[in-house]
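Trainee: Just need the structure, nothing else, for what follows:
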Amino acid sequence: MKKHLHLFIAIAITAVALTSCEEADPIQKETPKITLHKKAAEILQADNALAFELFNEVNLLSEEENIMISPLSISYALGMTYNGAAGSTLQAFNEVLHFGDLTTIEVNESYKDLMGQLLNLDDRVDFSIANSIWYKKGFQVLPDFINTNQQFFDAAVEEVDFSDPNTLELINGWIEDKTNDKIQDMLDYIPGNAVMYLINAIYFNATWKYEFNKSETYSGDFAISGGSSHQVDYMRVSGNFQYTVNEEFSAVELPYGDSAFSMLVMLPAYGSTINDLIAGMKIEKWGEWFENSRFTGVQIDLPKFKYDFKELLNEPLKNLGLGVAFSPAEADFTRITAPGGIWISRVIHQSFIDVQEEGTEAAAATIVEMRELSAGGGASAIPFKADRPFLYLIKENSTGAIVFIGKVGKPEYS
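Mentor: Numbers count the residues shown, from 1 in each chain. The predicted model follows:
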């Protein structure tokens with residue numbers, strides 16, 4: 001893991017001499033080297049600083065035994081996003097990414113220089129870096145933003161229909177292709193108010209009041225505490241439900257029959273565990289927890305159950321100082337779209353590594369998801385996907401009497 005974290009550092013500083021195994025050549029071949037101009041070297045140093053800080057944050061956040069991130073992938077995805085930031089948001093990017101007094105053009109030229117040299121360093125190493133920008137059909141993107149990322153990040157740019165289910169497959173297919181199928185099904189859903197994805201890839205179910213439609217049941221991953229994932233069948237229903245979100249959890253209430261009873265599904269907040277949620281459950285806190293509940297449109301994805309490293313980087317990046325970029329009220333991305341009103345909703349990172357006798361295969365991808373404030377005409381459905389251990393309560397609604405309470409850590413259905 002540490003070796004992977006230092007991959008591009010090692011390439012840039014020492015590299016490994018390749019000698020022939022077929023004959024004893026007394027003349028050692030020249031070690032492949034990168035010659036970076038001063039500003040590109042500063043970007044590399046900035047990436048290294050981000051690597052250690054971010055890895056520490058992820059390590060503190062995650063309960064996984066095995067952790068792996070690609071600082072290079074994260075840096076390139078955020079680097080493209082940086083080109084759309086302005087004001088205090090731009091300042092935050094500069095500080096978190098350690099750009100110091102580098103100008104925007106120097107930053108971009110340095111990313112281009114570094115990528116070009118990494119890709120052409122060693123003919124015996126299959127190494128690729130790919131960038132792409134996907135934006136919602138009809139969303140007005142400033143030409144300068146597109147042109148800059150095409151010129152300096154060699155970004156593929158696609159205007160697509162985010163409401164078309166095939167678009168999810170299209171984006172995931174691009175990631176799979178660019179990572180030799182090692183990073184699969186990375187993007188789980190496209191929210192109704194999503195407007196853009198900036199991506200880097202490096203090669204490495206009494207009856208319900210509102211029934212789930214069997215035809216929409218699909219198979220997906222459920223993250224199990226301890227580091228593995230488990231394949232489950234997800235049921236999906238969309239409509240207006242009681243929904244709650246706070247710093248400790250998000251929750252949705254699914255009514256039975258005529259709504260006398262309901263199931264409350266509580267999903268721990270990212271960075272928290274089901275055990276933390278259970279430990280924090282106290283009667284004096286219960287009313288406070290749900291005082292901000294609202295009746296709103298929600299798309300619910302819930303695994304069927306009878307009794308298998310991917311991480312959301314929002315909190316680590318906020319902890320490092322990028323919180324303004326995640327704030328709908330404060331984020332300034334007017335260099336992406338003139339009216340502004342968009343913010344980073346998720347930064348998703350996924351990685352893979354295989355180390356064995358013959359060598360190492362690794363891949364990583366980073367997705368920066370941008371959303372916009374919902375326009376008039378109704379709010380977008382809020383996604384609620386119970387894809388990790390969750391708590392549920394079946395209760396009588398007039399009194400609040402809890403009839404059943406359970407924890408689902410590994411859904412099973414047969």
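Trainee: contacting residues around stretch 327-337?
Mentor: 83-90, 139-142, 144-145, 195-196, 324-325, 340, 342-344, 370-371, 373 (Cβ atoms under 8 Å, 6 or more residues apart in numbering). For the C-beta atoms, the positions are set from N, CA and C on the backbone; glycine is no exception.
Trainee: First-to-last residue distance for stretch 218-234?
Mentor: Distance between the two ends of stretch 218-234: 5 Å, counting by Cα to Cα, to the nearest Å.
Trainee: Flag every buried residue along that stretch.
Mentor: Neighbour-count burial for stretch 218-234 flags D221, F222, V232, D233, Y234 (criterion: 16 or more other Cβ atoms under 10 Å).
Trainee: now stretch 184-199
Mentor: Neighbour-count burial for stretch 184-199, counted by 16+ other Cβ under 10 Å, picks out 186-188, 190-199.
Trainee: Give me the subset of the residues you listed lying in strands.
Mentor: Among the buried residues of stretch 184-199, the members found in strands (DSSP state E) are A194, V195, M196, Y197, L198, I199.
Trainee: could I get those as a markdown table with distance to D164?
Mentor: Shown next, in a markdown table, are these (distance: Cβ to Cβ, whole Å):
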| residue | distance to D164 |
| --- | --- |
| A194 | 13 |
| V195 | 15 |
| M196 | 16 |
| Y197 | 14 |
| L198 | 20 |
| I199 | 18 |
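Trainee: follow-up on the earlier one: quick one: least confident of the buried residues of stretch 184-199?
Mentor: Ranked by pLDDT, those bottom out at G192 (85).
Trainee: Need phi/psi at it.
Mentor: When read as degrees, to the nearest 10, the backbone of G192 gives phi -60, psi -30.
Trainee: one step back: return the closest of the buried residues of stretch 218-234 with respect to I300.
Mentor: The closest of these to I300 turns out to be Y234 (Cβ to Cβ; 9.6 Å).
Trainee: pretty sure the closest one contacts G220?
Mentor: Yes: judged on Cβ atoms under 8 Å, Y234 makes contact with G220 at a distance of 5.0 Å.
Trainee: between the two, what contacts are shared?
Mentor: Residues touching both Y234 and G220 (Cβ under 8 Å, 6+ apart) are D301, P303, D387.
Trainee: hang on, isn't I300 packed against A381?
Mentor: No: the pair I300 / A381 is not scored as a contact, 9.4 Å apart, by Cβ under 8 Å.
Trainee: can I assume F52 sits in a helix?
Mentor: Yes: using DSSP: H, G, I helix; E, B strand; the rest coil, the assignment for F52 is a helix.
Trainee: and it, how far is that from P71?
Mentor: The spacing between F52 and P71, counted by Cβ to Cβ, to the nearest Å, is 8 Å.
Trainee: out of the shared contacts of Y234 and G220, who's nearest L267?
Mentor: Once Cβ to Cβ is applied, the member of those that ends up nearest L267 is D387, at 8.5 Å.
Trainee: Per the annotation, how does the protein divide into domains?
Mentor: Domain segmentation of the chain under automatic domain parsing yields 2-204+310-371, 214-304+381-408.
Trainee: can you give me the strands in the chain?
Mentor: According to DSSP E, the strands that the chain contains are 129-136, 156-160, 194-202, 218-223, 229-245, 249-255, 261-268, 294-303, 310-312, 342-356, 359-372, 382-385, 390-396, 402-408.
Trainee: Distance to S110 for the ones you listed - can I get that in a markdown table?
Mentor: Converted to a markdown table, the strands of the chain look like this (distance: least, Cβ to Cβ, whole Å):
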| stretch | distance to S110 |
| --- | --- |
| strand 129-136 | 14 |
| strand 156-160 | 21 |
| strand 194-202 | 16 |
| strand 218-223 | 36 |
| strand 229-245 | 37 |
| strand 249-255 | 39 |
| strand 261-268 | 40 |
| strand 294-303 | 41 |
| strand 310-312 | 27 |
| strand 342-356 | 21 |
| strand 359-372 | 18 |
| strand 382-385 | 37 |
| strand 390-396 | 44 |
| strand 402-408 | 48 |
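Trainee: Quickly compare those and say which is most buried.
Mentor: With neighbours taken as mean count of other Cβ atoms under 10 Å, those reach their highest mean count in strand 194-202, at a mean of 26.
Trainee: Give me the sheet partners of it and which way each runs.
Mentor: Strand pairing for strand 194-202, determined by DSSP bridges: strand 129-136 (antiparallel), strand 359-372 (antiparallel).
Trainee: weakest of these in terms of mean pLDDT?
Mentor: Among the strands paired with strand 194-202, strand 359-372 scores lowest, at a mean of 84.
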